[in-house]
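A.B. asks: Turn this into a structure:
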Amino acid sequence: MNINLTLLGQAISLFIFVWFCMKYVWPPIMNALQEREKRIADGLAAAEAGQSKLMEADQRLTDLVSEGKQQASEIIAQAQKRGDEIMDEAKNAAKLEGKRLVDAARAEIDRERMQARDQLKNEVAVLALAGAEQVLMREVDKNAHDEVLAKLSAGL
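C.D. replies: Next up is the predicted model:
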């Protein structure tokens, strides 16, 4: 056997093998690699999109939480303000009621004082009349005596 002929046969077999691989084996492998590369790229793009959506959602959550806290603090402030207003209204109502009660008590006291004064005047008049009647019983007649006492009680 000739070595040159063997080398030439092996070269031709290698060439046929390479051509067969390039024609039938290499394209499916390249298609599979390209599909995988595309899926990986799509997966990375989806992951990046998901990451950006996650960041947006996180930012939105933060905004909503801060907005909720702000609204809660406003509601608490309004409730505190309304509570203070209610307390002030209650204090004012209590003061007005107290003043009304004091005024009513003073009016009652004044009325009772006037009633007691009138009663006392009548009693003093009756006592004075009785005393004067005893002293002057014989000296003055009854009609003149009544006139004097009426003038005296009117003067008191």
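A.B. asks: for the record, mean pLDDT for stretch 101-114?
C.D. replies: Stretch 101-114 carries an average pLDDT of 92.
A.B. asks: Restrict it to CA atoms and write it as CSV.
C.D. replies: C-alpha atoms of stretch 101-114 as CSV (Å, rounded to 0.1, in the frame of the first residue of the first chain):
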residue,chain,number,x,y,z
LEU,A,101,-78.2,78.8,87.0
VAL,A,102,-76.4,81.5,89.0
ASP,A,103,-78.6,84.1,87.5
ALA,A,104,-81.7,82.1,88.2
ALA,A,105,-80.5,81.5,91.8
ARG,A,106,-79.8,85.3,92.2
ALA,A,107,-83.3,86.1,90.8
GLU,A,108,-84.8,83.6,93.2
ILE,A,109,-82.8,85.1,96.1
ASP,A,110,-83.9,88.6,95.1
ARG,A,111,-87.5,87.4,94.9
GLU,A,112,-87.4,85.7,98.3
ARG,A,113,-85.7,88.8,99.8
MET,A,114,-88.4,91.1,98.5
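A.B. asks: Run through who's touching it.
C.D. replies: Under the contact criterion CB atoms under 8 Å, 6 or more residues apart in numbering, stretch 101-114 has no outside partners. For the C-beta atoms, the positions are set from N, CA and C on the backbone; glycine is no exception.
A.B. asks: Do a quick rundown of the helices in this structure.
C.D. replies: 3-20, 26-136, 142-155 (DSSP state H).
A.B. asks: and the ones you listed, which one is worst for confidence?
C.D. replies: helix 142-155 has the lowest average pLDDT among the helices of the chain, namely a mean of 73.
A.B. asks: what angle do that one and helix 26-136 make?
C.D. replies: 150 degrees (axes from the mean of the first three to the mean of the last three CA atoms, to 10 degrees).
A.B. asks: May I see the helices of the chain arranged in TSV, with mean neighbour count as well?
C.D. replies: Below are the helices of the chain laid out as TSV (neighbours: other CB atoms under 10 Å):
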stretch	mean neighbour count
helix 3-20	10
helix 26-136	10
helix 142-155	11
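A.B. asks: so how far is residue 131 from residue 27?
C.D. replies: 151 Å (CB to CB, to the nearest Å).
A.B. asks: Residue 93 too?
C.D. replies: Taking CB to CB, one finds residue 93 at 56 Å from residue 131.
A.B. asks: Same check on residue 75?
C.D. replies: 82 Å.
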